[in-house]
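Q: Could you work out the structure for the sequence below:
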Amino acid sequence: MICVIQRVQSAQVLVKKTVSSEIGVGLLALIGIERSDGVFEIEKMVQKLLSYRIFSDSKKKMNLSLTDVDGELLLVSQFTLVAETKSGLRPGFSSAMSPELARPFFEKFVVATKSKYGKVSCGAFGEDMEVNLINDGPVTFILKA
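A: Residues are numbered from 1 along each chain as shown. Coordinates of the predicted model:
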């Protein structure tokens, strides 16, 4: 599982030009699911998302987590994160979990996250989405489970 997190002032997902979900201050998390991912990766990534210290404390040091600042979390499935790009000029997706398996896996991930934290929204799995955000910093990290 690969997750690109961005500290945001706000973020929203639009599907067919209509707002599907939106958050204020918090994290936008783009989630890439690999064929080899399982329950262990779900639990590990949920813990990282909620505990990763990328918000500034009173001394302007990245020392606070999403839960410390009571921020919001927007989860968006993005299979292109697991693309193979080392060779050639076209990405390969053989390491990505199939959509038929990835949908219930992503849903389990969302449920697991919501069970540990109340301020969670998500994009629309498998839909063509527009993701708008105001990146705070900018601060962006790649997390791997």
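Q: Check which residues of the host helix or strand of Leu133 are buried.
A: If you go by DSSP states H and E, Leu133 is part of strand 129-144. Within strand 129-144, the residues scored as buried using 16 or more other CB atoms under 10 Å are 129, 131, 133, 136, 143. Any C-beta I mention is one placed from the backbone N, CA and C, and that applies to glycine too.
Q: nearest spatial neighbour of the last one, skipping sequence neighbours?
A: Okay, so that is Leu143. Closest residue in space to Leu143, ignoring its immediate chain neighbours: Cys3 at 4.4 Å, by CB to CB, 6 or more residues apart in numbering.
Q: For the closest residue in space to Leu81 that isn't next to it in sequence, which residues count as its bridge partners?
A: What sits nearest to Leu81 in space, not counting adjacent residues and going by CB to CB, 6+ apart, is Gly32, at 2.8 Å. Gly32 has these beta-bridge partners by DSSP bridges: Ile2.
Q: Then Val8?
A: With DSSP bridges as the criterion, Val8 is bridged to Gly26, Asn135.
Q: can you pull the contacts of it?
A: Going by CB atoms under 8 Å, 6 or more residues apart in numbering, Val8 touches 23, 25-28, 74, 133-136.
Q: May I have the residues that are in contact with the residue lying closest to Lys144 once chain neighbours are set aside?
A: Leaving aside its sequence neighbours, Lys144 sits nearest to Ile2 (CB to CB, 6+ apart; 5.6 Å). With contact set as CB under 8 Å, 6+ apart, Ile2 has these partners: 31-32, 34, 81-82, 142-145.
Q: so which of those would you say is closest to Val111?
A: Ile31 (13.6 Å; CB to CB).
Q: That closest one against Glu107, yeah?
A: No - judged on CB atoms under 8 Å, Ile31 makes no contact with Glu107 at a distance of 11.6 Å.
Q: For those two, indicate the residue with more neighbours.
A: The residue with more neighbours, out of Ile31 and Glu107, is Ile31; 27 against 13, by other CB atoms under 10 Å.
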